[in-house]
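S.K.: Just to be clear, the model below is a prediction. Sequence and coordinates:
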Amino acid sequence: MALSAADKLEIMELVSRYNWAIDHDHAEEWVDLFTADGRFLIDGEVRGEGCDNLLAYTRKSAAAGNKKRHWTSNALIEGDGDRARLRLYIMALDISEGIRPYIMGEYDDTLARVDGRWKFRERNVTLCAGKSWLQGALKK
């Protein structure tokens, strides 16, 4: 059965909760958006897998002290039953001192419905322009 409009709306709210949690350093809320075996990847490289590693990754990111804001657009949501694929454009800005680009790229996500809630099973961001600078910024 194809995804319903309610499923797609819930998936878009999942994206908003993700952006809000990561931007405001709500590490536990961010991790709760993933399945228990969820993975976060940048350019195919696993940065966190499973709740404990995801929590460590986001806390390390928060420790850098950057204030950031994420924007996503052009969502394509496909799937059926309890599985979905989500593709989005991503842009994030560092607003610590003025405004400067922090991330630009695309998400290609795999989602699963767990206990009636949509969650990220795998969140993979592929970086675009300025790739080497952005990868260096993300490793700090």
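M.R.: Noted; the coordinates are in hand. All values reported here derive from a predicted model rather than from experimental measurement.
S.K.: The closest residue to residue 14 other than its chain neighbours: neighbour count?
M.R.: Distances taken as C-beta to C-beta, 6 or more residues apart in numbering place residue 118 nearest to residue 14, at 5.2 Å, with adjacent residues excluded. C-betas here are computed from N, CA, C, even on glycine. Residues near residue 118, counting by other C-beta atoms under 10 Å, number 24.
S.K.: Just grab the bridge partners of residue 118 for me.
M.R.: Beta-bridge pairing for residue 118 (DSSP bridges): residue 113.
S.K.: can you tell me how far it sits from residue 80?
M.R.: Counting by C-beta to C-beta, to the nearest Å, the separation of residue 118 from residue 80 is 13 Å.
S.K.: and if you look at residue 102?
M.R.: 35 Å.
S.K.: okay, these two: which has more neighbours?
M.R.: Counting neighbours by other C-beta under 10 Å for residue 102 and for residue 80 shows that residue 102 has the greater number, 20 against 10.
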